[in-house]
Structure formats: C-alpha cells, structure tokens
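Colleague: Turn this into a structure:
(one chain, ligands or ions: 1)
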Amino acid sequence: MRWGSLQSASLLVQIVLLSIGSTFSQQAAQPKPEDTEVWQPVPKIVTPGATDAEPPSDAIILFDGKNLDEWVSAQDHTPAQWNVHDGILTVVKAPGVGNIETKRRFKDYQLHIEWRIPENVTGSGQARGNSGVFLASTGPGDDGYELQVLDSYHNPTYVNGQAGSIYKQSPPLVNPGRRPGEWQTYDVVWIAPRFNDDGSLKTPAYVTVFFNGVLVQNHFALKGQTLYIGQPFYKKYDTAPIKLQAHGDKSEPISFRNIWVRELN
Ligand code: MG
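Modeller: Here you go, the predicted structure:
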C-alpha cells in the first residue's frame with residue numbers, strides 16, 4: 001500500500017470510530033420516560049367516603065351526630081354543654097357555657113365541617129348568625145385563628161368579617177353562601193405556623209378554604225392571631241385544639257354537623 005492510501009485508510013477508520021462514539025454518546029444522553037418515574041414510597045391506600053362530604057377511612061371523627069365525646073368547654077375543659085339533637089349540634093348561648101374545643105390537639109390538618117344558620121335568624125351585620133371555627137385554639141387569653149361563620153346571605157358587614165373570611169385579615173375570594181336554613185360546608189387545609197426556639201416566627205400559618213365547594217382562601221399566609229381589636233401578632237405554639245365559637249350576639253344559635261379531620265403530620 002502506498003503511503004497516501006495508508007493515510008486515507010487511517011483517516012477513514014478515525015471517522016468511523018468518531019461516528020460510532022458520537023452515536024453512543026447521543027444514545028447515553030437521550031432521555032427516557034423511565035428517568036422521571038418514581039415508584040417508592042407507594043402512597044397509603046385511603047378509602048374515600050360514600051360522598052366527598054363523608055369521612056374517608058383515615059379521618060378522625062370529631063362529631064358524627066351522636067355525642068360530644070371529642071369536645072370540652074374551652075373555658076375550663078369540663079364536658080361540653082352544647083345541644084346534641086337529631087344528629088346535629090347546636091350552640092348554647094347561656095352564662096357559663098361558651099366556646100367548645102376538641103380534646104385532641106392538631107398541627108397540620110384537613111378539616112371538614114358543616115354548619116347551618118337557622119331559618120328564622122334575626123339581627124344584622126356581625127350580630128346575625130355569628131359563630132366561628134378557630135383553626136388553632138391557643139388557650140385562654142389568646143384570640144386564636146378564626147375562620148368566620150356568619151349569615152352572609154344579603155347581610156352586609158365588613159368584608160374581612162363575612163362568612164369564609166379569616167377574621168379581619170382576609171376576605172373570601174367570592175361569596176358562595178347559601179340562604180339561612182340550608183346546610184353549608186367548609187373544607188379547610190391548615191398548615192400551622194412554625195417558630196424558632198426564641199419564640200420568633202419561622203414560617204406563618206397557611207390556610208386554604210373551600211366554602212360550599214368554592215375556593216375562598218387560597219393558601220393565605222396569616223399575619224398572626226385574628227384579633228377583634230388591633231394588629232395581628234404571633235405567639236409560639238406547637239399543637240392546638242380546634243374550637244367552635246358561641247358568639248355573644250342575640251341572634252338564634254347556629255348548628256353544626258359531620259365534623260371530621262385528617263392529620264397531615
Ligand atoms: Mg365569629
């Protein structure tokens with residue numbers, strides 16, 4: 001073979017080798033569907049309720065229409081004195097009764113609760129079917145964190161105090177309230193605030209609320225406890241009960257039913 005031919009053959013081999021190498025490297029870099037598949041851990045199986053309002057298999061039942069075994073007086077932790085009748089729970093507005101709260105304490109959770117303004121409700125503004133779901137009841141002397149319950153069917157009031165509001169912090173995105181006498185639902189995701197060792201805030205509480213299936217609070221970051229007067233502030237806590245409000249107004253008391261919670265921690 002002549003020198004020139006040998007050089008040509010060598011070049012040809014190099015080109016072929018480079019070409020093969022390039023093909024291999026292209027194949028190695030080619031993404032595959034399997035690259036982005038995750039197989040573990042497998043999510044736990046939960047059996048849903050017969051309807052979306054019914055508790056799934058991993059829910060803690062807080063009220064199923066039978067008794068108040070899961071509840072105590074928020075004031076002194078004696079047995080809760082609200083009225084259980086016909087499968088529902090009605091607020092008792094009487095001296096010495098007051099708010100009730102769960103015996104259990106929660107951190108992050110999903111909550112379902114149904115409430116009804118009485119058909120014959122009277123009063124106006126904040127004095128018309130006022131109650132509330134305190135998403136964390138942080139103890140006597142604290143205001144806690146209130147998701148407002150109120151008759152907001154043609155009942156004007158300050159918008160950050162109407163039904164579906166985070167009281168005096170965040171009005172509902174819309175008003176999907178039903179007329180008095182009809183049952184209404186709240187489905188809530190509560191992410192508790194986190195604190196540093198010195199009591200300062202690490203991350204705020206976040207809340208998402210569906211009111212009658214309609215989104216009214218979208219991952220709202222709370223500014224602190226929901227105060228009647230003054231600017232909100234945080235006070236360190238870890239876990240807390242859920243509290244229901246016996247508001248002091250003179251309107252007819254409201255009722256609750258079908259209360260359940262799923263812990264997210
Ligand atoms: Mg209230």
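Colleague: what helix or strand is whichever residue of the stretch 101-250 of the chain sits closest to the ion on?
Modeller: Here the residue of the stretch 101-250 of the chain nearest the ion is Gly132; by CB to the ion that distance is 3.2 Å. C-beta here means a position set from N, CA and C on the backbone, and glycine is covered the same way. With secondary structure defined by DSSP states H and E, Gly132 is part of strand 131-136.
Colleague: From the contact counts, what lies against that strand?
Modeller: Contact analysis of strand 131-136 by 3 or more CB pairs under 8 Å, 6 or more residues apart in numbering; DSSP states H and E lists strand 109-116, strand 145-149, strand 183-191, strand 243-244 as its packing neighbours.
Colleague: Format those as JSON lines; extra columns: distance to Leu215 and mean neighbour count.
Modeller: Shown next, in JSON lines, are the helices and strands packed on strand 131-136 (distance: least, CB to CB, whole Å; neighbours: other CB atoms under 10 Å):
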{"stretch": "strand 109-116", "distance to Leu215": "15", "mean neighbour count": "20"}
{"stretch": "strand 145-149", "distance to Leu215": "14", "mean neighbour count": "26"}
{"stretch": "strand 183-191", "distance to Leu215": "10", "mean neighbour count": "20"}
{"stretch": "strand 243-244", "distance to Leu215": "23", "mean neighbour count": "24"}
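Colleague: Look up the pLDDT of the nearest residue in space to Glu263 that is not next to it in sequence for me, please.
Modeller: Spatial nearest neighbour of Glu263, excluding adjacent residues (CB to CB, 6 or more residues apart in numbering): Tyr109 at 5.4 Å. With respect to pLDDT, Tyr109 scores 98.
Colleague: Quick check, Tyr109 in contact with Val261.
Modeller: Yes. Using CB atoms under 8 Å, Tyr109 is in contact with Val261, at 5.1 Å.
Colleague: residues in this protein within reach of the ion, list them.
Modeller: Asn130, Gly132, Gln245 (CB under 5 Å from the ion).
Colleague: any idea how far Gln162 is from the closest residue to the last one other than its chain neighbours?
Modeller: With sequence-adjacent residues excluded and distances taken as CB to CB, 6+ apart, Gln245 is closest to Gly132, at 3.8 Å. Gly132 sits 12 Å away from Gln162, going by CB to CB, to the nearest Å.
Colleague: same check, this time on Phe210
Modeller: From Phe210 to Gln162 the distance is 16 Å (CB to CB).
Colleague: Next: Leu264.
Modeller: 27 Å.
Colleague: Can you list the low-confidence ranges for the stretch 1-150 of the chain?
Modeller: Scanning the stretch 1-150 of the chain for pLDDT under 70 picks out 1-28.
Colleague: dump the residue contacts of Thr122.
Modeller: Counting by CB atoms under 8 Å, 6 or more residues apart in numbering, Thr122 touches Arg128, Lys250, Ser251, Glu252.
Colleague: quick one, helices of the stretch 51-200 of the chain?
Modeller: Under the criterion DSSP state H, counting those that start in this stretch, the stretch 51-200 of the chain carries no helices.
Colleague: Leaving out chain neighbours, which residue sits closest to Asn120?
Modeller: Glu252 (6.0 Å).
Colleague: Tell me, how many residues neighbour that neighbour?
Modeller: Neighbour count of Glu252, defined by other CB atoms under 10 Å: 19.
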